[in-house]
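S.K.: Starting from these lines, generate the structure:
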Amino acid sequence: MSRIPLRSIARRHGGASSKAGGIAIISSYVFDWVIVLVLLGVAGFLNGHAPNRRPFSLEDPTISFPYTVHETVPSWLLITLSVVVPVVLIPIISLLLVPGHTVPSGTPKSLIWRRKLWELHVGWLGLAVSVGGTWFITNGIKNMAGKPRPDLLARCNPDFENYANFVVGGVDVASGFQRLVSADICRGMANMADAQSILEDGFRSYPSGHSSSSAAGLVYLSLFVASKFAIGFPFLALSSISAPTFKAFPSRDGSRNHYPLSQNDEQQLHPQDQHRRSHSGYTGDAAAQRLFASHNALLTSARQQAAAPPLYLLALTVVPFFTSVFIATSRWFDFRHHGFDILFGFFIGTTCAFFAFRWYHMPIMRGAGWAWGPRSADKAWWAGVGSLSYATDWEADVEGGMRQRMTRDSNIAMEEGVKPETAIETSGNYEAQGEESADGPSRRSF
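M.R.: Model (predicted):
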C-alpha cells in the first residue's frame, strides 16, 4: 500500500520552527490581553463622559425617591467582591487543584507547573473578558440611554420659579408641573461639593452597573469553582469517551499500550459492539476497552452511571452567585435603579460570564474541569476556511481529512464486497509518493 505523504502536504500550508511557533502562540494571547485592556480603557472613558439626559416630569413618582448617601454596596466594595476576590481565588484553586489525581507517575515537575500556570492564565483571561466586556457594554448603554434614576429629583433640586423656560414636551392639561422638562432645570444638590457629577450620574440608571459587574465577576467565579470542583448535574452520557481522554497527561499514561480485550471483557461487550469491533479492526487501549466493557455491563442499570455531588460543594459553588444577587438587589432598596434596570444589568453580566467561561473552558459536566488547550502554532493568529479547530495545526487537519476519506472509501468497499485495504490503497494513489519530511511544528503542550 502506498504511503500518503501527509506531513509534506501540511508543509505546503506553511510551518514554523518550534521556537517561532511558541512565539506566535504567546504573542497571540498577549494580544488577547491588549484587546481586554482596550475594552477596559474605553469603558473607563465612557464612565467619565457625561451621559445623555432624558427629559422627565417633575411629578413623576418613579423618580421621586430620596437620595441615599451611604450605599449598601459602595463602588470600592463592589470592585473588591466582583474583581479582587475572583482574582485571588482563581490562582489558589488553579495551583492547588490542578492537575488533580490523574497525573502519571514520573511526570516532570516542569510539565505539571506548565499545566497549573496555563489553567491560571485562562482563568484570569476569562475573568478579564467577562468583566471588561460587561463594563464596556454597560457604560456604553448608560451614556446612550440617559435614563433618570429613581432618586433623580433629589439630585436635581429643580428651579420651580423658571419652570416654563425648561418645558420641552407634553400637553398642559391641568395646573402643575406635569409637562416634560429638560435637565437644565436642575440646580444640583446645594450641600454637596460634587453636585454636578452627582447630577450627571442621576441619568445613568439603565442598565445597573452594580448588577452587571457583580454578575460578570461572581457568576464567572461560580462557574470556575463548579468546573474545578466537578459540581454539575448528574447525566447519562450520550456516547462513550475513553477515560484517558480526560487525564492530565494522556500521552504519558503507561496504560496506553494497545492489545486485545481479555476474554471476560470480550464476553461483556454487547453484540452490536462485537460486530462493530470485528469489522473495524479496532483494538483500542486496554484501559479504555475495559472501561467500555464495564460500562456496557451496567447499561441495564442507568442509575449507576452518575451520582449527585455533595451538597456542601454545591453550597460553596453558589456563594459567589448569591453574593451577586445581593449586590444587585441592594440597588433596589438604595433607590439607585428601577427594577428592569437591575434585571437587564444582571442579564448582561451573566451573559458575559457564561460567554467568557465557555470561550476558554470546557463544559462543566463533560469537560472534567479542564480549560481548553492553547491554539496551535499554525493557527495562533488565523485559521480561515477549512480549519477543523484552532487547536490543531494544518498537518492534523490534512490527516483528519485523509482519514475521513479513507474511512468513507473503506465503508463503501465493504458494502460492495471489496477488501478495505485495496480501497484505501486506491484512494491514496492520487497523492505524490515517496516524499518524506521532518516532523512539522506541533502544538505546544500545556
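
S.K.: Correct me if wrong, but residue 78 is in a strand.
M.R.: No. Counting by DSSP: H, G, I helix; E, B strand; the rest coil, residue 78 is not found in a strand; it is helix.

S.K.: so how far is residue 220 from it?
M.R.: As for residue 78, its distance to residue 220 is 15 Å (criterion: C-beta to C-beta, to the nearest Å). Where you see a C-beta, it was placed from the backbone N, CA and C, and this is true even at glycine.

S.K.: ok, now residue 69?
M.R.: Distance, residue 69 to residue 220, using C-beta to C-beta: 31 Å.

S.K.: between those two, who's got more neighbours?
M.R.: Using other C-beta atoms under 10 Å, the more surrounded residue of residue 69 and residue 220 is residue 220, with 32 against 6.

S.K.: Just give the nearest non-adjacent residue to the more buried one, would you?
M.R.: Nearest non-adjacent residue to residue 220, counting by C-beta to C-beta, 6 or more residues apart in numbering: residue 353, 4.0 Å away.

S.K.: residues contacting the one you found?
M.R.: Neighbouring residues of residue 353 by C-beta atoms under 8 Å, 6 or more residues apart in numbering: 130, 134, 215, 216, 217, 219, 220, 223.

S.K.: Name the helix or strand for it, please.
M.R.: Here residue 353, judged by DSSP states H and E, is contained in helix 339-360.

S.K.: What residues of that helix count as buried?
M.R.: By 16 or more other C-beta atoms under 10 Å, the buried positions in helix 339-360 come out as 341-342, 344-346, 348-353, 356-357, 360.

S.K.: now stretch 375-383
M.R.: Result for stretch 375-383 [16+ other C-beta under 10 Å]: buried residues 375, 376, 377, 378, 379, 380, 383.

S.K.: State the distance from the fourth one to residue 393.
M.R.: With the distance defined as C-beta to C-beta, residue 378 ends up 4 Å from residue 393.

S.K.: one step back: pull the most distant pair out of the buried residues of helix 339-360.
M.R.: Taking C-beta to C-beta, the two most distant members of the buried residues of helix 339-360 are 341 and 360; they sit 29.7 Å apart.

S.K.: Might you list the low-confidence residue ranges for this structure?
M.R.: The model of the chain has pLDDT under 70 over residues 1-17, 170-176, 237-288, 290-302, 396-446.

S.K.: And it, split by domain according to the record?
M.R.: Domain assignment of the chain by automatic domain parsing yields the ranges 1-16+387-446, 23-232+310-360, 243-305.

S.K.: Need the nearest residue in space to residue 97, chain neighbours excluded.
M.R.: Once flanking residues are discounted, residue 97 sits nearest to residue 228: 5.1 Å by C-beta to C-beta, 6+ apart.

S.K.: If you could redo that for residue 24, that was the one I meant.
M.R.: Distance criterion C-beta to C-beta, 6+ apart; nearest residue to residue 24, sequence neighbours excluded, is residue 380 at 4.1 Å.

S.K.: That neighbour is in contact with residue 27, isn't it?
M.R.: Yes. Contact criterion C-beta atoms under 8 Å: residue 380 and residue 27 qualify, at 7.3 Å.

S.K.: Name the helix or strand for residue 380, please.
M.R.: For residue 380, there is no enclosing helix or strand under DSSP H and E.

S.K.: so residue 225 is in which element?
M.R.: For residue 225, the host element (DSSP H and E) is helix 220-228.

S.K.: which strands and helices sit next to that helix?
M.R.: Packed against helix 220-228 by the contact rule (3 or more C-beta pairs under 8 Å, 6 or more residues apart in numbering; DSSP states H and E) you find helix 85-97, helix 109-145, helix 311-333, helix 339-360.

S.K.: mind giving me JSON lines with the ones you listed and columns for distance to residue 159?
M.R.: JSON lines is the format used below for the helices and strands packed on helix 220-228 (distance: least, C-beta to C-beta, whole Å):
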{"stretch": "helix 85-97", "distance to residue 159": "45"}
{"stretch": "helix 109-145", "distance to residue 159": "25"}
{"stretch": "helix 311-333", "distance to residue 159": "29"}
{"stretch": "helix 339-360", "distance to residue 159": "27"}
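
S.K.: Leaving out the residues flanking it, which one is nearest to residue 158?
M.R.: residue 185 (5.0 Å).

S.K.: Compute the number of surrounding residues for the one you found.
M.R.: Neighbourhood size, residue 185 [other C-beta under 10 Å]: 21.
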